[in-house]
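Participant: here is a sequence together with a model predicted from it:
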Amino acid sequence: MVNNLWIIKRPADFPEADMIEQDDMIILIQDAVLRVPFIDNWAACREDAVARNVRIPEDKLLNYEDIIDIIEKANKVIVW
């Protein structure tokens, strides 16, 4: 279960480390896929990574359906 889901659109918009809780997750979309976060619980939009020719480990890539599923199950969604 994801408590807070952080959807990040730009590389400069990462939340401060002290804002992230144990059960939170970050999903990178758009240009945010250009910068990998320093937490373990993150993923990136596959389509955005492919469009920008960014190499991200396969286990960290999500398609749109996966992202929607996580959004629906999260307690709170924060978009930056």
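Facilitator: Nice, thanks for sending it over. For clarity, every value in this text was computed on a predicted model and none was experimentally measured.

Participant: and the spatially most central residue of the chain, helix, strand or coil?
Facilitator: Most central in the chain under C-alpha atoms, centre = their mean is I27, positioned 0.9 Å from the mean C-alpha point. Taken by DSSP: H, G, I helix; E, B strand; the rest coil, the conformation at I27 corresponds to strand.

Participant: for I71, what are its contacts?
Facilitator: For I71, the set of contacting residues under the criterion of C-beta atoms under 8 Å, 6 or more residues apart in numbering consists of 5, 7, 77. Heads up, the C-betas are built off the backbone N, CA and C, glycines and all.

Participant: so among those residues, which ones count as buried?
Facilitator: 5, 7 (16 or more other C-beta atoms under 10 Å).

Participant: circling back: now do the residue nearest to the centre of the chain against N53, distance only.
Facilitator: 19 Å (C-beta to C-beta, to the nearest Å).

Participant: how about the strands in this structure?
Facilitator: If you assign secondary structure with DSSP state E, the strands in the chain sit at 4-8, 25-28, 42-45, 61-62, 76-79.

Participant: which among the contacts of I71 gets closest to A44?
Facilitator: Set against A44, the nearest of the contacts of I71 by C-beta to C-beta is I7 (11.0 Å).

Participant: show the model's pLDDT score for that closest one.
Facilitator: Listed pLDDT for I7 reads 96.

Participant: touching, it and V33? I think so.
Facilitator: No: with contact defined as C-beta atoms under 8 Å, I7 does not reach V33; the gap is 12.0 Å.

Participant: where do the helices sit along this structure?
Facilitator: Secondary structure of the chain by DSSP state H: the helices cover 46-51, 64-73.
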